[in-house]
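>>> pasting the sequence and the predicted model now:
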Amino acid sequence: MFKIAVVGATGYTGLELVRILISHPVAEVSIATSESYKGKKFSQVFPGFKGLCDLELEDFDASKIVDECDIAFVCLPHGASMEKTKKLYDKGIRVIDLSGDFRFQDVNVYEKWYGIKHSLSDLAREAVFGLPEIFRESISQARLVANPGCYVTSVVLPLYPLISEGIVSSFPVIADCKSGVTGAGRKPSQKLHYPECNESFMAYSVEGHRHNPEMEEALLRATGVETQILFIPHLIPMNRGILSTLYIDVDKDVEWSDIRSIYDKYYKEEPFIRLCEKGVFPSTKDVRGTNFCDIGWEVRKERNKLVIVSVIDNLVKGASGQAVQNMNIMLGLDESVGLLDAPLWI
């Protein structure tokens, strides 16, 4: 049985990791840390976990984690993750970081978009971008994996095969994306207060969002093509889920079946990518609580546009589920182990 540490176990991504790993057949959480709730049991903070995870929440202790665990997840906000990840990495344990601190190879880009000084440029360059469908081989050998952003996953997965095959005739690609409220994390704020966001629908970071350059860098790493994406995020009043609609310029002779052939070439054997039939488009309900990314598309010939709709659960494929998928790869396991749950339909 592999022993797992979850650093920052009481945020949404930490909570979701514990939920997923409870049913993992060969991995178990043996250390869970929390500055806010240290000394309490996990099941005291989240009573629904009584009898399922009664671990006492601890202070962060890198030496103890390295001595007792095989792999560590760091589920802390950007900036706070940096030094703790380094301490774990320097002591030899493999780390999956769920913040944005190691997603950019060029720390100058990170500093511009996050407004934080990055002191670990060598480690940032070494980190592997944790999108398994694209970087699986590198992930298997990595000591540090930077788990992608949720919006990034929903945009890069449908775009990667098309850019690789030269289907996109011009840039920018427009990415119109909507996310549930958990995407903003567990820390309270006025705009996420129930009366403020319920029965409302709003765009935010229209001037630019930190996931935009992350999308472009990930696609450059994967395809070697300089891309431009015009990304606009929206907040919708539901707990979890992302729906991304992409508008792509294509040549007028592109058919629906051509796109299907490309997706089959890249994703036919992928356990967590599901392609819709012609005329069918996915909804967030189809993937709620799962590690799937569902993709549907249509070619609008009168406008020379390809329209793609992709959906993920932002807490699972967009965060903790993808992190467990990365863990499985790093540990030499079947990457779908512990992740083939049916959607939470109701």
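All right, it came through fine.

>>> for the closest residue to E165 other than its chain neighbours, give me its contacts.
Nearest non-adjacent residue to E165, counting by Cβ to Cβ, 6 or more residues apart in numbering: I262, 5.1 Å away. C-beta: built from backbone N, CA, C; applies to glycine. I262 sits next to P161, L162, E165, I167 when contact means Cβ atoms under 8 Å, 6 or more residues apart in numbering.

>>> for this structure, where's the lowest mean pLDDT among helices and strands?
Ranking every helix and strand in the chain by mean pLDDT, DSSP states H and E puts helix 194-197 at the bottom, with a mean of 74.

>>> who touches the helix or strand just after it?
Remark: after helix 194-197, the chain's next helix or strand is strand 202-203, criterion DSSP states H and E. Residues from elsewhere that reach strand 202-203 (Cβ under 8 Å, 6+ apart): I232, P233, H234, L235.

>>> buried members of those residues into PyMOL, please.
Burial among the contacts of strand 202-203 is assessed by 16 or more other Cβ atoms under 10 Å; the matching PyMOL selection reads:
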select buried, resi 232+233+235
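
>>> which of the contacts of strand 202-203 sits closest to Y12?
Set against Y12, the nearest of the contacts of strand 202-203 by Cβ to Cβ is L235 (15.1 Å).

>>> how about that closest one, nearest residue that isn't a chain neighbour?
Nearest residue to L235 in three dimensions, chain neighbours excluded: M202, at 5.4 Å (Cβ to Cβ, 6+ apart).

>>> do you know the pLDDT at that neighbour?
Per-residue pLDDT puts M202 at 90.

>>> what about it, how many neighbours?
13 (other Cβ atoms under 10 Å).

>>> buried residues, the longest strand seen in the chain. List them.
In the chain, with assignment by DSSP state E, the single longest strand is strand 170-179. Buried residues in strand 170-179, counting neighbours by 16+ other Cβ under 10 Å, are found at F171, P172, V173, I174, A175, D176, C177, K178, S179.

>>> before we move on, what about stretch 37-45?
Within stretch 37-45, the residues scored as buried using 16+ other Cβ under 10 Å are Y37, K41, F42, S43, V45.

>>> need those in CSV with pLDDT and distance to A319, can you?
What follows is the buried residues of stretch 37-45, written out as CSV (pLDDT from 0 to 100; distance: Cβ to Cβ, whole Å):
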residue, pLDDT, distance to A319
Y37, 96, 20
K41, 98, 24
F42, 98, 18
S43, 98, 22
V45, 97, 19
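
>>> filter the residues you listed down to the ones in helices?
Counting by DSSP state H, these place F42, S43, V45 in helices.

>>> which parts of the stretch 1-150 of the chain are strands?
Using DSSP state E, counting those that start in this stretch, the strands of the stretch 1-150 of the chain run over 2-7, 27-33, 71-74, 94-97, 128-129, 144-146.

>>> and the third one, which strands flank it?
Yep, that's strand 71-74 we're talking about. Sheet pairing of strand 71-74 (DSSP bridges) gives strand 2-7 (parallel), strand 94-97 (parallel).

>>> I am finished for the moment; much appreciated.
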